[in-house]
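Trainee: Fold the following and give me the result.
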Amino acid sequence: MAILADGRSRVCIQGITGREGMVRTRLMKDYGTNVVAGVTPGKGGVEVYGVPVFDSMEEAVEKTGQIDISVVFVPAHLVKSAALEAIAAGVNLLVLVPDRVPIFDVLEISNFAKEKSARFVGPNTLGLVSPGKAVLGMIGGRAERAREWFRPGDIGVSSRSGGMTSAIAYYLTEAGFGQSTIIHVGGDAVVGLSSPEVMELFEQDNQTKMVVMFGEIGTTQEERVAALIEQKNFTKPLIAFVGGRAAKSGTRFSHAGAIVEGSRGSYESKVKRLKEAGVHVVDSVSDIPEMAKEIRNSLGGQ
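Mentor: The predicted structure follows:
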């Protein structure tokens, strides 16, 4: 099965009546995601693409039943209150799409999520896709494109870049490889589910036989993935491409989570650690499908 979400997952969209919320509701609904409710304070009683809108998460749960996932499309300064409200209402997974969420707000969300045994993806994420089952967020842009670019299969994709998330899945699909789950972990320095935590989820997933990871400079996510492999807590074949080879110390590369300070979080340190752990590190995104073919052949076509 896919990790985090499938066709049965009951989804709510917070901020559903905003411009972004409405556009992405259409994407998710058209793709087949089980969107059962939306929330916008003061807008309760209306519908968006057939989805009933409520004034609060508590009311949404009361009127529609248990909600498994909330996808959040509210302004950055309101993300904390929306997330805490959803977690308090019993939601187990949040997808926090907005960028520029204050870091202390993210830490508060993280603490409350741990207290309630909930998880979140993002902030600053395009979301995730369980091909053929559900889109959460804005990956693909339109349902037709999402169906064309993402195909059900056994390769997991985890990426720190929104653009690269779609690009990797597209290259794999073009080469005949389907995906189990495609996830953009988010571009900020502090995120909910980071790359190593996603690897642990893929390790537990019977559908996933191989994983592709896009990493980049900044933070220690890739080094922690290497440690996970060395500790034998992740044992499946892993292909990795690390962006930011030419970045100098102190350079901001792409977004907030990709900043090199000295040797910490550098391209060289990440590639070195990944290779030491036995990861198949490639020099270009276009090399990923060929590496996947080599690994598949070495496993006897499994």
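Trainee: Span of stretch 47-61 from start to end?
Mentor: One end of stretch 47-61 to the other measures 16 Å (C-alpha to C-alpha, to the nearest Å).
Trainee: which outside residues touch it?
Mentor: If you take C-beta atoms under 8 Å, 6 or more residues apart in numbering as the criterion, stretch 47-61 is touched by 12-14, 16-17, 21-22, 25-26, 29, 35-46, 63-64, 67, 70, 85-86, 88-91. All C-beta spots, glycine's among them, are computed from the backbone N, C-alpha and C.
Trainee: now with 7 Å?
Mentor: With contacts defined as C-beta atoms under 7 Å, 6 or more residues apart in numbering, stretch 47-61 is touched by 12, 16-17, 22, 25-26, 29, 35, 37-46, 63, 67, 85-86, 89-90.
Trainee: Could I get the buried residue list for the helix or strand hosting G21?
Mentor: Using DSSP states H and E, the element containing G21 is helix 19-31. For helix 19-31, burial by neighbour count (16 or more other C-beta atoms under 10 Å) applies to G21, M22, R24, T25, R26, L27, M28, K29, Y31.
Trainee: which strands and helices sit next to it?
Mentor: strand 35-39, strand 134-137, helix 143-149 (3 or more C-beta pairs under 7 Å, 6 or more residues apart in numbering; DSSP states H and E).
Trainee: State the mean pLDDT of the helix or strand following the longest one.
Mentor: Past helix 143-149, further along toward the C-terminus, the next helix or strand under DSSP H and E is strand 152-159. Mean pLDDT, computed over strand 152-159, is 98.
Trainee: what comes up buried for strand 152-159?
Mentor: Neighbour counts over strand 152-159 (16+ other C-beta under 10 Å) mark G153, D154, I155, G156, V157, S158, S159 as buried.
Trainee: and what of stretch 226-237?
Mentor: A226, L228, I229, F234, K236, P237.
Trainee: picking that back up, check the offset of the helix holding G21 from the chain's centre.
Mentor: Remark: helix 19-31 is offset 17 Å from the chain centroid, using C-alpha atoms, centre = their mean, to the nearest Å.
Trainee: Grab the nearest non-local neighbour of R100.
Mentor: Closest residue in space to R100, ignoring its immediate chain neighbours: A76 at 4.5 Å, by C-beta to C-beta, 6 or more residues apart in numbering.
Trainee: quick one on the thing from earlier: now tabulate the buried residues of strand 152-159 in JSON lines and tack on distance to V121.
Mentor: Converted to JSON lines, the buried residues of strand 152-159 look like this (distance: C-beta to C-beta, whole Å):
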{"residue": "G153", "distance to V121": "21"}
{"residue": "D154", "distance to V121": "21"}
{"residue": "I155", "distance to V121": "19"}
{"residue": "G156", "distance to V121": "14"}
{"residue": "V157", "distance to V121": "13"}
{"residue": "S158", "distance to V121": "11"}
{"residue": "S159", "distance to V121": "12"}
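Trainee: Can you name the two of those that sit furthest apart?
Mentor: Across those, the longest distance by C-beta to C-beta is 17.5 Å; it joins D154 and S159.
Trainee: Helices of the stretch 51-200 of the chain, start to end?
Mentor: Secondary structure of the stretch 51-200 of the chain by DSSP state H, counting those that start in this stretch: the helices cover 57-64, 79-88, 103-115, 143-149, 162-174, 195-204.
Trainee: For the last one, which helices and strands make contact with it?
Mentor: Helix 195-204 sits against strand 152-159, strand 210-216, helix 221-230, with contacts defined as 3+ C-beta pairs under 7 Å, 6+ apart.
Trainee: what's the angle from that helix to strand 210-216?
Mentor: Here helix 195-204 points in a direction 180 degrees away from that of strand 210-216 (axes from the mean of the first three to the mean of the last three C-alpha atoms, to 10 degrees).
Trainee: Next: the second one.
Mentor: Between the axis of helix 79-88 and that of strand 210-216 there is an angle of 150 degrees, by the same axes, to 10 degrees.
Trainee: can you list contacts of helix 79-88?
Mentor: Helix 79-88 has contacts (C-beta under 7 Å, 6+ apart) with 14, 56-57, 70, 72, 74, 94, 96, 98, 101, 105, 108-109, 112-113, 116, 118, 120, 123.
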